[in-house]
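**Q** Sequence and predicted model, in that order:
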Amino acid sequence: MEEEAHKFFSKPVSEKQRAGPANPYGYGCKNIGLKGDVGEVEYLLLQTNPHFITSLLHNSNKYISQDTNNFRCAVIGYVEAVRELACEVLDLIGEGLGGAYPPSLFTRLIREVESDCVLRLNHYPPSDACNKIGFGEHTDPQMLTLLRSNGVEGLQISLEEGVWVPVNPHPESAFCVNVGDVLKVKHVTRYPVMTDERFVSVKHRVVVKSYKARTSMAYFAAPPLDAKITSQSPIYRSFTWGEYKKATYTCRLGDVTARLNHFKIMPPPPPLQED
């Protein structure tokens, strides 16, 4: 998979653009959100359903690889392997919640054919500018992210406002596991219910380095679009993953609060005062 990513991003810009635009899947460059977020990154976004991958590679409007069979096999094989790893992690998280839920509840959501899991290949060319932002601060809206890079530093996390801590990129064989917004939930059958944030999605960003290009592969584990999220708080109404995903892309990347504000229940107006 890394070899296929390297071959794709090594192409001339004009050839890479033939795989775009990312609407929502395909090649994108610098524009990483719908609300003015920019970065020094180019990416290839893929839905992980094998049928989708095959149809995309044979889409006459989008050219990704000259050797479509090699690319398809690499993507499908990588997705299958990394999904199993995500399932192992999610099962352990389920056990860590005290065994109050049926086994594999989390993993069923991402194993479903209709799951909204995606794979994004990222490429950050080197830059002479000091600490240039490659991908702005944000949290991942999905359940879980498994990220693998080519060993070039640049990923940072923030556990405290304004304080950024670099993530060691070594060993290169390691995966970075990010909790996503939806993993702030516990599940009843297929329907998630928000908890008291026993698992919290962490803000992170990528800073471009001058000495070498950074390439990473991010697998985003997400439930089906119609999976429902019901808040325990009286402040928010129920919503689906599809609605939350849509809200995510109507806000700036770093504005996590604004995502949930779409689902706030408006308080009733105060009673009229009698004269």
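**A** Nice, I can see it. Residues are numbered from 1 along each chain as shown.
**Q** which phi and psi does residue 220 have?
**A** phi -100, psi 110 (degrees, to the nearest 10).
**Q** Give me the most central residue, the chain.
**A** residue 220 (4.4 Å; Cα atoms, centre = their mean).
**Q** can you pull the contacts of that one?
**A** 117, 118, 119, 120, 140, 142, 144, 145, 180 (Cβ atoms under 8 Å, 6 or more residues apart in numbering). All C-beta spots, glycine's among them, are computed from the backbone N, C-alpha and C.
**Q** and residue 98, how far is that from residue 180?
**A** 21 Å (Cβ to Cβ, to the nearest Å).
**Q** which one of those two has more residues nearby?
**A** More crowded of residue 98 and residue 180, by other Cβ atoms under 10 Å: residue 180, with 19 against 7.
**Q** Need the phi and psi values for the more buried one.
**A** Torsion angles, degrees, to the nearest 10, at residue 180: phi -100, psi 170.
**Q** That one is in contact with residue 139, isn't it?
**A** Yes: using Cβ atoms under 8 Å, residue 180 is in contact with residue 139, at 7.1 Å.
**Q** Now the common contact residues for those two.
**A** residue 201.
**Q** what is the mean pLDDT for stretch 17-30?
**A** Averaging pLDDT along stretch 17-30 gives 89.
**Q** likewise stretch 96-106?
**A** 70.
**Q** How about stretch 248-259?
**A** Mean predicted confidence for stretch 248-259 is 81.
**Q** What ranges in this structure fall below the confidence cut-off?
**A** For the chain, applying pLDDT under 70 flags the ranges 33-36, 99-103, 184-197, 231-233, 267-275.
**Q** Do a quick rundown of the helices in it.
**A** Applying DSSP state H to the chain gives helices spanning 2-9, 13-16, 50-57, 68-96, 105-111, 241-248, 256-261.
**Q** Please name whichever of the ones you listed is nearest to residue 163.
**A** helix 256-261 (16.8 Å; Cβ to Cβ).
**Q** Buried residues, the closest one. List them.
**A** 256, 259, 260 (16 or more other Cβ atoms under 10 Å).
**Q** From the rest of the structure, what touches it?
**A** 138, 139, 141, 181, 201, 203, 236, 244, 247, 248, 251, 252.
**Q** same thing with stretch 128-140?
**A** 32, 37-41, 122, 124, 154, 158, 178, 180-181, 201-208, 210, 214, 220, 253-254, 256.
**Q** returning to what we had before: narrow the contacts of helix 256-261 to those in strands?
**A** 138, 203 (DSSP state E).
**Q** Now, of the contacts of helix 256-261, which are buried?
**A** For those, buried by 16+ other Cβ under 10 Å: 138, 139, 141, 181, 201, 203, 236, 244, 247, 248, 251.
**Q** Which of the residues in stretch 198-212 are classified as buried?
**A** Going by 16+ other Cβ under 10 Å, stretch 198-212 has these buried residues: 199, 201, 203, 204, 205, 206, 207, 208, 209.
**Q** and it, how far out from the chain's middle?
**A** 12 Å (Cα atoms, centre = their mean, to the nearest Å).
**Q** And for stretch 217-227?
**A** 8 Å.
**Q** Equivalent analysis for stretch 104-124, please.
**A** 9 Å.
**Q** what comes up buried for it?
**A** Within stretch 104-124, judged by 16+ other Cβ under 10 Å, the buried ones are 105-110, 115-124.
**Q** Same question for stretch 237-256.
**A** Those would be 239-245, 247-248, 251, 253-254, 256, for stretch 237-256 by 16+ other Cβ under 10 Å.
**Q** Run through the residues that contact the residue lying closest to residue 86 once chain neighbours are set aside.
**A** Closest residue in space to residue 86, ignoring its immediate chain neighbours: residue 221 at 4.6 Å, by Cβ to Cβ, 6 or more residues apart in numbering. Contact analysis of residue 221 by Cβ under 8 Å, 6+ apart lists 83, 86, 90, 110, 115, 117, 142, 143, 144, 145, 146, 180.
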